[in-house]
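Q: here is a sequence with its predicted model. Questions after.
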Amino acid sequence: MPCDCFARPGAPTQSTGPMIKLSNLSKTYGSGPGAVQALKTIDLEVPEGAIHGVIGLSGAGKSTLIRCVNLLERPTTGSVRVDGQELTELSGAALNQARHQIGMIFQHFNLLSSRSVYANVALPLELMGVNKTEIRERVAPLLDLVGLADKRDQYPSQLSGGQKQRVAIARALASRPKVLLCDEATSALDPHTTGAILDLLQDINRRLGLTILLITHEMEVVKRICHRVGLISGGELVEEAEVGDFFTAPRTELGRHFLNDFLQLEPPAALVERLEPAPGAHTHPVVRLAFGGDAVSTPLISRLARECGIDVSILEAKVESIQERTLGLMIAELIGGAEETARAIAYLETHDLDVEVLGHVQRDA
Ligand SMILES: Nc1ncnc2c1ncn2[C@@H]1O[C@H](COP(=O)(O)OP(=O)(O)OP(=O)(O)O)[C@@H](O)[C@H]1O
């Protein structure tokens, strides 16, 4: 439930559609032979109140994408609608006004070193022409919200990285935005501080009903606070899903790469050396299984062995909690004849498990 003290008087939601809607968005840097097409026909919708992550490798186009949402980068083609308003048609004062609805935080905080914590948070309000009394009334609860009321007169050089990011968050919220953009906001922080900042962002999302779009290269960030996630590669959104679905059944090779990297569930090295890509006359498959929902609490493996007439040798297994969902992961050898193991894989697939055949090993080896 949004908190009253951060309400946006006179600024009701203009649209009943998504809070952020990017349509057919492309961005090319430069021209001629050296041109770089950083974004290619991106379509993305973020509903009001959602936390939406975009993950990708370095150079995939994440920063360009998020900077197009507030027109820090002007897209080459396409549409950017925030709360129903088309931003690409705006410039000058009208664009500045629209940007009050969109706060942003950065990897390196971007605080002004010559200004105190209080003055950094007050800055956007000064630029908006808010009077001093109102600024005082608005900054104090923001510092409370981010847990820095006792640091109001300190300077950025006297703060830790996590505290600097808290100041940046308070500053981003000063104009009472509807959207918060987070550009690798925790990448410069240690894991403990990252957790605390992500908790704060989640708390703000819940208390203020703020829509958050974040970009990251860290699955941990997605796992911890995002509702939905998009995967970007070569400037294209190649996959988009609910976070629970993405972690249980990524649909692309790159999605699997991110997941495996995060889970670090790899077959033992000795087995990898024996893996062959194609089945042979005397091989059996090695599979990686990911399962969520009811499958986690069902004795599927013993049923599989019984019903398909195979043996199952479990090589690695773990259970992860992804927000409210449980994800089971396993690497196993399915030991049996070609027909039986093919039937076993089909059986697993019909029970909503994500099955990846990693390769095949000689039965007698
Ligand atoms: N101002 C620019 N001029 C020219 N090319 C650019 C510019 N900014 C980014 N690029 C190029 O656009 C592509 C996407 O860059 P972008 O910074 O959006 O990727 P990213 O996913 O955020 O990468 P990283 O995680 O390394 O920050 C890259 O090939 C990059 O070199």
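A: Looks like it came in fine.
Q: please make it C-alpha for all contacts and neighbour counts, starting now.
A: Noted.
Q: please enumerate the strands of the stretch 1-150 of the chain.
A: Listed in chain order, the strands of the stretch 1-150 of the chain (DSSP state E, counting those that start in this stretch) span 20-29, 36-46, 51-56, 77-82, 85-86, 102-106.
Q: nearest to residue 239, of those?
A: strand 51-56 (9.9 Å; CA to CA).
Q: what are the phi and psi angles of residue 131?
A: phi -80, psi 160 (degrees, to the nearest 10).
Q: so which of the strands of the stretch 1-150 of the chain is the most surrounded?
A: Among those, ranked by average contacts under mean count of other CA atoms under 10 Å, first place goes to strand 51-56 (a mean of 25).
Q: same list (the strands of the stretch 1-150 of the chain) but as a markdown table, adding distance to the ligand and mean pLDDT.
A: Compiled in a markdown table, those are given as follows (distance: least, CA to the nearest ligand atom, whole Å; pLDDT from 0 to 100):
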| stretch | distance to the ligand | mean pLDDT |
| --- | --- | --- |
| strand 20-29 | 5 | 98 |
| strand 36-46 | 4 | 97 |
| strand 51-56 | 6 | 97 |
| strand 77-82 | 15 | 98 |
| strand 85-86 | 22 | 96 |
| strand 102-106 | 11 | 96 |
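Q: closest one to residue 350 among the ones you listed?
A: Across these, residue 350 has its closest neighbour in strand 51-56 (29.4 Å, CA to CA).
Q: which one of the strands of the stretch 1-150 of the chain lies nearest to residue 209?
A: strand 51-56 (10.0 Å).
Q: kindly export the closest one (C-alpha atoms) in CSV.
A: Presented in CSV, the C-alpha positions along strand 51-56 are these (Å, rounded to 0.1, in the frame of the first residue of the first chain):
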residue,chain,number,x,y,z
ILE,A,51,10.1,-4.7,-10.3
HIS,A,52,11.4,-5.7,-13.7
GLY,A,53,15.0,-6.8,-14.3
VAL,A,54,16.9,-6.8,-17.5
ILE,A,55,20.0,-9.0,-17.5
GLY,A,56,22.7,-9.5,-20.0
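Q: flag the shaky bits of the protein, pLDDT-wise.
A: Scanning the chain for pLDDT under 70 picks out the ranges 1-16, 293-296, 364-365.
Q: and the helices in it?
A: For the chain, the helices defined by DSSP state H occupy 62-69, 92-99, 117-127, 132-145, 161-173, 191-208, 219-225, 243-248, 253-263, 269-274, 300-308, 338-350.
Q: okay, the ones you listed in TSV with distance to the ligand and mean neighbour count next?
A: Output for these, formatted as TSV (distance: least, CA to the nearest ligand atom, whole Å; neighbours: other CA atoms under 10 Å):
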stretch	distance to the ligand	mean neighbour count
helix 62-69	4	23
helix 92-99	20	13
helix 117-127	25	21
helix 132-145	29	16
helix 161-173	18	25
helix 191-208	17	17
helix 219-225	13	20
helix 243-248	19	23
helix 253-263	14	15
helix 269-274	30	11
helix 300-308	40	15
helix 338-350	34	17
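Q: just checking, residue 35 touches residue 27?
A: No - applying CA atoms under 8 Å as the test, residue 35 and residue 27 come out as separate, 10.3 Å apart.
Q: what's opposite the spatially most central residue of the chain in the beta bridge?
A: What sits nearest the mean C-alpha location of the chain, by CA atoms, centre = their mean, is residue 53, with 2.6 Å. Bridge pairing for residue 53 (DSSP bridges) gives the partners residue 214, residue 229.
Q: also residue 102?
A: residue 179.
Q: list the contacts of it.
A: The contact partners of residue 102, by CA atoms under 8 Å, 6 or more residues apart in numbering, come to 70, 177-181.
Q: got a winner among those for most neighbours?
A: Using other CA atoms under 10 Å as the neighbour criterion, residue 179 leads those with 30 neighbours.
Q: wait, isn't that one in contact with residue 211?
A: Yes - contact criterion CA under 8 Å: residue 179 and residue 211 qualify, at 4.8 Å.
Q: just the CA trace of stretch 124-135, in PDB.
A: Coordinates of each C-alpha in stretch 124-135 appear next as PDB, following Å, rounded to 0.1, in the frame of the first residue of the first chain:
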ATOM      1  CA  PRO A 124      16.300  18.100  -7.500                       C
ATOM      2  CA  LEU A 125      13.700  20.000  -5.400                       C
ATOM      3  CA  GLU A 126      15.800  23.200  -5.700                       C
ATOM      4  CA  LEU A 127      16.000  22.700  -9.400                       C
ATOM      5  CA  MET A 128      12.200  22.200  -9.500                       C
ATOM      6  CA  GLY A 129      11.800  25.600  -7.700                       C
ATOM      7  CA  VAL A 130      10.300  24.100  -4.500                       C
ATOM      8  CA  ASN A 131      10.500  26.500  -1.600                       C
ATOM      9  CA  LYS A 132      12.900  25.900   1.400                       C
ATOM     10  CA  THR A 133      10.200  25.000   3.900                       C
ATOM     11  CA  GLU A 134       8.700  22.400   1.600                       C
ATOM     12  CA  ILE A 135      12.200  21.000   0.800                       C
END
